[in-house]
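**Student:** Fold the following and give me the result.
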Amino acid sequence: MSEQSRSRLLQLFKARAVSFGHFKLTSGKESTYYINSKKVLFNSEAVWLLGDVLWDLTMNLDIQAIGGLEIGAVPMATAAVLHHHMHGRSLEGFFVRKHAKEHGSKQRVEGFIQPGFRVAMVDDVFTQGTSVLQAINEVESLGAHVVAAICIVDRLEGARHRLAPKYSYLPIFTIRDLGISGEAEAG
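**Tutor:** Here you go, the predicted structure:
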């Protein structure tokens, strides 16, 4: 990947996304730090850098779509599809709703996904991989074939162990890159 883009993106994450204290994670687990990527992902420079990094990670994957669970995946998918377009390649973006809407199409997957599409799943932070696996199940139920799981930050708490056996596992950073010590994953 563009090392310059990755390096600057890391600086932005360190400066804007990491907080220390006492936090309850989606999994219910307690943590002494929290990564709030939304403080970075809606910044113009960060989104451009993220798109550049995602282009480098995905340009050789032979995928037709990229997306993941709302909200974290929305700016990631948008950044990726824009960079693919800038490089003359077509790529569909999508997102998976946590719950189907009660009106409109009532679908959980929003975007253009066709059976047989090769798909990269993205999320801002992977902890145990539970959220991305929910999104994967929804996308695979449509007949798409998930080939990669990509995150901005891997908290090193089990996601790799759950995802890497079946999908290309491509974290941009781990918590160690952010200066946070963490236990190495089992498995």
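**Student:** only C-alpha atoms for contact and neighbour calcs from this point on.
**Tutor:** OK.
**Student:** Just the element for the most centrally placed residue in the chain, please.
**Tutor:** The residue lying closest to the centre of the chain (C-alpha atoms, centre = their mean) is D123, at 2.2 Å. D123 is located in strand 118-126, with elements delineated by DSSP states H and E.
**Student:** Mind checking what helix or strand follows that strand in sequence?
**Tutor:** helix 130-141.
**Student:** Give me the angle between that next one and strand 118-126.
**Tutor:** Interaxial angle, helix 130-141 versus strand 118-126 (axes from the mean of the first three to the mean of the last three C-alpha atoms, to 10 degrees): 170 degrees.
**Student:** Give the other helices and strands that helix 130-141 contacts.
**Tutor:** If you count contacts as 3 or more C-alpha pairs under 8 Å, 6 or more residues apart in numbering; DSSP states H and E, helix 130-141 packs onto strand 65-69, strand 92-96, strand 118-126, strand 145-154.
**Student:** Of those, which stretch is the most buried?
**Tutor:** Highest mean neighbour count among those (mean count of other C-alpha atoms under 10 Å): strand 65-69, with a mean of 29.
**Student:** mind listing what's buried in the helix or strand following that one?
**Tutor:** Sequence order places helix 73-86 as the next helix or strand after strand 65-69, per DSSP H and E. Across helix 73-86, burial judged by 16 or more other C-alpha atoms under 10 Å covers A73, V74, P75, M76, A77, T78, A79, A80, V81, L82, H83, H84.
**Student:** Tell me what angle helix 73-86 forms with strand 145-154.
**Tutor:** Going by the same axes, to 10 degrees, helix 73-86 makes 110 degrees with strand 145-154.
**Student:** Which strands or helices does helix 73-86 pack on?
**Tutor:** Going by 3+ C-alpha pairs under 8 Å, 6+ apart, helix 73-86 lies up against helix 44-58, strand 65-69, strand 92-96, strand 118-126.
**Student:** mean confidence score for that helix?
**Tutor:** On average, the pLDDT along helix 73-86 is 96.
**Student:** residues touching L170, list them.
**Tutor:** Going by C-alpha atoms under 8 Å, 6 or more residues apart in numbering, L170 touches L57, A148, A149, I150, C151.
**Student:** Out of the helices and strands packed on helix 130-141, the one nearest L9 is which?
**Tutor:** Among these, the nearest to L9 by C-alpha to C-alpha is strand 145-154 (9.7 Å).
**Student:** strand partners of the closest one, parallel vs antiparallel please.
**Tutor:** Partners of strand 145-154 in the sheet, by DSSP bridges, are strand 118-126 (parallel), strand 168-174 (parallel).
**Student:** And stretch 123-143, end to end?
**Tutor:** End-to-end span of stretch 123-143 (C-alpha to C-alpha, to the nearest Å): 21 Å.
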